[in-house]
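In: Predicted structure and sequence below. I'll ask about it afterward.
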Amino acid sequence: MDLMEQAQETFVTESLDLLIAMEEGLNQLESEPDNEELINSVFRAAHTIKGSAGLFGLDDIVAFTHKVENVLDRVRDGDIAITPPLIAILLECRDHTEALIEDMGGEATDPALLEQSGQLLERLQGVAGGPGGASPAAGAEAAASSPSTWEASVDRQESPPVENDNWHISLKFHPDVFRNGMDPLSFLRYLATLGEIVRVATSLDAMPEAEAMDPESCYLGMEVAFKSDADKQTIMEVFDFIAEDSEVAVLPPYSKLSEYAELIEKLKAQDDSYRIGDLLLQCGALTQPELDKALSYQQAHRSDPEPQPLGEVLVEQRAVHPETVKAALGKQKQIKEVKLKESKSIRVDAGRLDQLINLVGELVIAGAGTNLKAQQLGDADLQESVSLISRLVEEIRDRSLRLRMVQVGDTFNRFNRVVRDVSRELGKSIRLVIEGSETELDKSVVEKIGDPLTHLVRNAIDHGIESAEARRAAGKPEQGMVKLDAYHDSGSIVIEVSDDGGGIDADKVLAKARANGLVPADAQLSRPEILRLILKAGLSTKEAVSNLSGRGVGMDVVTKNVEALRGDIEVESELGRGTSIKVRLPLTLSIIDGFLVGVGSAGYVIPLDSVVECIEHQDVDKVRAHGGRYINLRDEVLPYLNLRELFGERGASTVGRENIVVVRSGNQKAGLVVDELMGEYQTVIKPLSRIFSRLSGISGSTILGSGEVAMILDVSALIKEAEQKTLQLG
């Protein structure tokens with residue numbers, strides 16, 4: 001991959017990150033329309049994408065994002081109010097920008113995308129409206145046709161002083177401006193619509209001798225004192241049509257300098273860039289054409305013995321005041337100092353990180369083998385050295401896994417858009433509450449949990465939250481609530497999707513399940529078991545089928561996806577109060593701490609976080625109430641499962657005594673009867689082949705230090721198996 005391809009890949013990655021931030025900001029703006037920081041962050045995202053796209057000559061992306069940026073700039077200035085229709089069209093523009101970026105690999109932009117660009121920009125303009133009702137070009141033409149709209153006396157003096165409350169505009173028209181069909185005075189007439197022209201002085205610098213004058217050429221230069229509340233960008237736009245050929249400089253009044261200095265000081269150290277040009281752009285003291293002109297000058301003189309700093313060039317070109325440059329230089333120094341103190345970070349390709357984790361896994365296996373050999377040799381010094389290496393390997397393992405941990409907040413924040421779009425489609429008012437966004441989870445798990453969570457959130461909106469009329473009748477607020485929460489529990493991470501809707505009618509679910517043949521007519525189920533029926537394929541209590549739900553598909557897909565991640569789902573609901581669905585997941589899919597047990601001639605690994613305690617079988621009482629199989633553990637009755645029977649091990653135990661490992665999954669506990677307790681073991685998880693996909697109670701495999709293969713037990717499935725066997729015996 002050459003340097004250009006690497007740069008483009010970086011551009012795509014960073015742009016997609018910016019688009020995620022842009023979406024989050026737009027979603028928040030709907031509830032916080034006056035939040036200036038959010039408005040600025042959305043503007044900066046669009047501005048940065050536009051600038052970066054320009055570096056690669058991606059003109060279609062630049063053209064589209066430029067129009068979006070203009071609207072966002074007017075939002076920043078207070079010309080356009082934040083409204084739901086504006087947020088909606090800006091979100092569509094954000095999605096379209098992503099589509100343009102993803103299409104950039106082709107030789108030319110897809111014509112359909114270009115057509116969509118035009119349609120979106122027309123709709124955006126329709127929602128946002130024009131800036132002041134007319135464009136500079138239209139205003140100039142109108143002013144040219146009505147000379148009486150502006151009159152001013154023209155003084156012949158070289159350069160008027162800059163007054164405190166006046167802008168200073170310096171104009172030097174190109175000699176061909178008449179030939180190009182432009183009337184210089186028409187621009188001044190249009191300028192007068194934005195404020196008051198206090199004084200105009202002509203400049204005679206370019207005036208030749210009378211005999212050398214060409215009647216078709218323009219030698220006019222002007223120094224204008226202009227009083228207006230407009231910003232610099234708006235004033236510069238008046239001269240857009242002559243900016244390339246003529247010299248246009250706009251300096252703010254001195255009363256503006258303190259405002260620019262204050263805006264520069266408020267810029268945060270974590271902003272995307274702290275270059276002088278960017279700081280001046282962000283505070284409004286400089287426009288992009290002025291910056292481009294100064295940068296072009298720098299580029300042309302880069303071979304000079306002592307190239308001019310950008311600040312000096314801008315002052316020399318009369319683009320900014322020296323005081324403003326001084327303020328920007330001070331802020332630049334401050335930001336650099338902050339950046340130096342902050343911890344540095346680098347982007348690492350996910351594939352390389354996966355390779356590192358795999359190598360660490362192999363190191364763990366090799367370390368276990370070395371430890372076994374040391375024990376067999378009985379050399380104390382060797383065992384001590386191996387123990388030290390094992391501790392270091394364990395630390396490397398933990399630190400490596402931590403590299404792949406990411407906060408679930410980014411995943412959660414994307415559901416603001418889902419809730420917004422689906423609730424509007426259904427005509428419901430729903431707010432999304434996010435908690436536990438700082439909780440960390442393995443990146444591989446986060447990537448695979450997005451689709452299941454989308455199903456759960458959409459179901460909560462459609463099935464859970466009632467209509468506004470039903471909520472009023474039940475004494476609830478009209479606005480419903482869907483909550484996303486994440487937290488750690490018993491060595492696992494729990495992601496909870498809850499709502500304050502109508503809850504699940506257990507009787508209705510059971511009747512539907514029986515009608516669909518999912519449950520025998522004479523089956524007696526507990527309430528938790530009935531609620532879990534909603535996870536079955538083909539079961540839906542929705543009366544009408546819509547494009548969102550009602551066909552009985554979706555929840556079974558959620559279950560399969562979660563189980564593929566070695567996770568489990570718990571359903572809790574109270575009729576009239578709401579529903580909570582908890583997705584319990586392992587922290588990582590790579591390496592875990594395990595507890596090795598022996599059953600017959602085989603070894604099995606139980607995830608250590610699921611182990612509560614280990615006891616001898618003879619120390620507990622068996623309870624056979626109604627023929628069921630339970631143990632009485634200090635007056636706590638638990639179902640238990642004999643792994644020797646479950647896995648078909650023949651013959652009696654050769655150890656002489658059996659042990660019970662008490663395990664937990666969520667709020668459920670059970671006992672597992674094993675032959676031998678073999679201690680803690682660092683476990684590298686190896687996925688099972690599809691041949692073993694239907695194997696119950698097993699979630700994966702690992703390689704022991706001896707080279708033997710041991711199965712990793714699925715604690716959640718085994719607890720359910722123990723409960724089912726108990727019920728069958730009862």
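Out: That came through, no problem.

In: And stretch 463-480, end to end?
Out: For stretch 463-480, the first-to-last residue distance is 12 Å (CA to CA, to the nearest Å).

In: low pLDDT regions in the stretch 501-650 of the chain?
Out: Residue ranges of the stretch 501-650 of the chain with pLDDT under 70: 537-554, 589, 619-628.

In: Go again with 90.
Out: For the stretch 501-650 of the chain, applying pLDDT under 90 flags the ranges 502, 504-571, 575-576, 584-594, 598-603, 607-611, 615-650.

In: Let me see the ranges of the helices in it.
Out: Ranges of helices in the stretch 501-650 of the chain, per DSSP state H, counting those that start in this stretch, are 506-515, 527-531, 555-564, 643-646.

In: Of all these, which one comes closest to residue 372?
Out: Residue 372 lies closest to helix 643-646 among these, at 23.5 Å (CB to CB). Yep, even glycine has a C-beta here, placed from its N, CA and C like the rest.

In: Where do the domain boundaries of this protein fall?
Out: Annotated domains of the chain cover 3-128, 136-341, 354-404, 407-586, 591-729 [automatic domain parsing].

In: will you turn the ones you listed into a markdown table that also has distance to residue 347 and mean neighbour count?
Out: Listed next are the domains of the chain as a markdown table, based on distance: least, CB to CB, whole Å; neighbours: other CB atoms under 10 Å:
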| stretch | distance to residue 347 | mean neighbour count |
| --- | --- | --- |
| domain 3-128 | 7 | 17 |
| domain 136-341 | 15 | 16 |
| domain 354-404 | 12 | 15 |
| domain 407-586 | 13 | 18 |
| domain 591-729 | 24 | 17 |
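
In: The helices of the stretch 501-650 of the chain: which one's closest to residue 177?
Out: Nearest to residue 177, of the helices of the stretch 501-650 of the chain and by CB to CB, is helix 555-564 at 66.3 Å.

In: And the closest one, how far out from the chain middle?
Out: In this view, helix 555-564 has its centroid 24 Å away from the chain centroid, taken as CA atoms, centre = their mean, to the nearest Å.

In: send the alpha carbons of it over as CSV?
Out: Below are the C-alpha coordinates for helix 555-564, written out as CSV (Å, rounded to 0.1, in the frame of the first residue of the first chain):
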residue,chain,number,x,y,z
MET,A,555,-36.4,-12.2,19.1
ASP,A,556,-35.2,-15.8,18.1
VAL,A,557,-32.5,-14.2,16.0
VAL,A,558,-31.5,-12.1,19.0
THR,A,559,-31.3,-15.3,21.1
LYS,A,560,-29.1,-17.1,18.6
ASN,A,561,-26.8,-14.1,18.2
VAL,A,562,-26.4,-13.7,22.0
GLU,A,563,-25.8,-17.5,22.5
ALA,A,564,-23.2,-17.4,19.7
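
In: between the helices of the stretch 501-650 of the chain, which one is nearest to residue 439?
Out: Per CB to CB, nearest to residue 439 of those: helix 555-564, 17.0 Å.

In: ok, back up a step: and the domains of the chain, which one is worst for confidence?
Out: For those, mean pLDDT drops lowest on domain 136-341, to a mean of 73.

In: would you list every one of the helices in the stretch 151-300 of the chain?
Out: Counting by DSSP H, counting those that start in this stretch, the stretch 151-300 of the chain has helices at residues 184-191, 232-237, 254-266, 276-283, 288-300.

In: Ok, which of those helices comes nearest residue 452?
Out: Evaluated over the helices of the stretch 151-300 of the chain, closeness to residue 452 peaks at helix 276-283, with 40.6 Å, by CB to CB.

In: In TSV: the helices of the stretch 151-300 of the chain, plus distance to residue 556.
Out: TSV is the format used below for the helices of the stretch 151-300 of the chain (distance: least, CB to CB, whole Å):
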stretch	distance to residue 556
helix 184-191	65
helix 232-237	55
helix 254-266	52
helix 276-283	51
helix 288-300	54
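
In: of these, which approaches residue 25 most closely?
Out: Among those, helix 276-283 sits nearest to residue 25 (CB to CB), with 16.1 Å.

In: just the angle between the closest one and helix 288-300, please?
Out: Angle, helix 276-283 to helix 288-300, by axes from the mean of the first three to the mean of the last three CA atoms, to 10 degrees: 180 degrees.

In: mind checking how far helix 276-283 is from the chain centre?
Out: Between the centre of helix 276-283 and the centre of its host chain there is 26 Å, according to CA atoms, centre = their mean.

In: Alpha carbons only: can I get it in CSV?
Out: Only the C-alpha atoms of helix 276-283 are listed here, as CSV (Å, rounded to 0.1, in the frame of the first residue of the first chain):
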residue,chain,number,x,y,z
ILE,A,276,-2.8,29.5,13.3
GLY,A,277,-5.0,29.4,10.2
ASP,A,278,-7.6,27.0,11.8
LEU,A,279,-7.8,29.1,15.0
LEU,A,280,-8.4,32.3,13.0
LEU,A,281,-11.0,30.5,10.9
GLN,A,282,-12.9,29.1,13.9
CYS,A,283,-13.2,32.5,15.6
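
In: helices or strands up against it?
Out: helix 254-266, helix 288-300, helix 310-316, helix 322-341 (3 or more CB pairs under 8 Å, 6 or more residues apart in numbering; DSSP states H and E).

In: is it fair to say residue 120 lies in a strand?
Out: No - per DSSP: H, G, I helix; E, B strand; the rest coil, residue 120 lies outside any strand segment and is helix.

In: ok, back up a step: of the helices of the stretch 151-300 of the chain, which is nearest residue 701?
Out: So among the helices of the stretch 151-300 of the chain, helix 276-283 is nearest, using CB to CB, at 53.7 Å.

In: So the residue lying closest to residue 466 once chain neighbours are set aside versus residue 573, what's the distance?
Out: The spatial neighbour of residue 466 that comes closest, neighbours along the chain excluded (CB to CB, 6 or more residues apart in numbering), is residue 502 at 5.1 Å. Taking CB to CB, to the nearest Å as the measure, residue 502 and residue 573 are separated by 9 Å.

In: As CSV, could you dump the C-alpha coordinates of stretch 69-86?
Out: What follows is stretch 69-86, C-alpha atoms only, in CSV (Å, rounded to 0.1, in the frame of the first residue of the first chain):
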residue,chain,number,x,y,z
GLU,A,69,-21.4,23.7,6.3
ASN,A,70,-23.0,26.9,5.1
VAL,A,71,-26.3,26.1,6.7
LEU,A,72,-24.6,25.0,10.0
ASP,A,73,-22.6,28.3,10.0
ARG,A,74,-25.9,30.2,9.8
VAL,A,75,-27.2,28.1,12.7
ARG,A,76,-24.1,29.1,14.7
ASP,A,77,-24.8,32.7,13.9
GLY,A,78,-28.4,32.4,15.0
ASP,A,79,-29.9,33.1,11.5
ILE,A,80,-31.5,29.6,11.5
ALA,A,81,-33.3,28.1,14.4
ILE,A,82,-32.9,24.4,15.4
THR,A,83,-36.1,22.6,14.5
PRO,A,84,-37.1,18.9,14.1
PRO,A,85,-37.4,19.3,10.3
LEU,A,86,-33.9,20.8,10.1
